[in-house]
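> I would like to see how this sequence folds:
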Amino acid sequence: MSKSVSRLQRAKKVAQKVVHGNFMKTNIPAGMASPGPPLGPMLGQKNINIAQFCKDFNERTKDIKEGIPMPCRVTVRPDRSYELIITNPPSTYFLKQAAGASKGAANSGKEKAGEVSLKHIYEIALIKSKDPAQEMVPLEYICKQLVGTAKSVGIQVVPKMDKDQYAEFLLEREKQLEDRQKELEEKRQLKLLRTA
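Residues are numbered from 1 along each chain as shown. So this is what the prediction gives:
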């Protein structure tokens, strides 16, 4: 009996500890990392020093405009240290900024949230090509991905843009969004009346 127990103990010493779930992906607003939810609990589950992480992240993103979503990849080591990789903002953020749209279309196939030119697509592709995940991807393929992303958000890609027509479109779009917000508010009020 004692020989088998000693063999098991030796086997445990030889076998390396496998750590599962030491990788985390999340979007954090630039310069706004705080220990509160939702970031604090996610870091706590990975046994990361939350205050140190927030300080490190805010220091590394101090030159970027506050509130821009920054995709982060965090690799946690067994000694509770971490490796933080911050990439460029998501392509949907760049597309909405280029189109001047605050949000994407609710029905992307039927509704148009904005327009971007091919020049915008090319410039965004240049920025996204610097991401670690797309370093070896050809620029043409990144442009095709951006066109697909723009379509899914409801942003139309055009060869050239006319500024006056687009300004009129943006005003109409704001009115549509206000009308939709009013409809949603009326539905909420009716629902509250039914439950009360």
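
> Show me the helices in this structure, by range?
2-14, 39-45, 50-60, 91-99, 118-128, 139-153, 163-195 (DSSP state H).

> would TSV of those with mean pLDDT, distance to Asp79 and mean neighbour count be doable?
Just so you know, the C-beta spots here come from the backbone N, C-alpha and C atoms, and that holds for glycine as well. Listed next are the helices of the chain as TSV, based on pLDDT from 0 to 100; distance: least, CB to CB, whole Å; neighbours: other CB atoms under 10 Å:
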stretch	mean pLDDT	distance to Asp79	mean neighbour count
helix 2-14	66	19	9
helix 39-45	88	16	16
helix 50-60	93	13	16
helix 91-99	93	34	20
helix 118-128	94	34	17
helix 139-153	95	37	16
helix 163-195	86	49	11
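
> residues contacting the residue positioned nearest the centre of the chain?
Geometric centre of the chain, nearest residue: Asn27, 4.6 Å, by CA atoms, centre = their mean. The contact partners of Asn27, by CB atoms under 8 Å, 6 or more residues apart in numbering, come to 69-72, 90.

> Mind doing that once more with 10 Å?
Contacts for Asn27 were tallied using CB atoms under 10 Å, 6 or more residues apart in numbering; they are 68-72, 89-90, 93.

> would you turn the helices of the chain into JSON lines with distance to Asn107?
Shown next, in JSON lines, are those (distance: least, CB to CB, whole Å):
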{"stretch": "helix 2-14", "distance to Asn107": "58"}
{"stretch": "helix 39-45", "distance to Asn107": "32"}
{"stretch": "helix 50-60", "distance to Asn107": "36"}
{"stretch": "helix 91-99", "distance to Asn107": "16"}
{"stretch": "helix 118-128", "distance to Asn107": "22"}
{"stretch": "helix 139-153", "distance to Asn107": "11"}
{"stretch": "helix 163-195", "distance to Asn107": "11"}
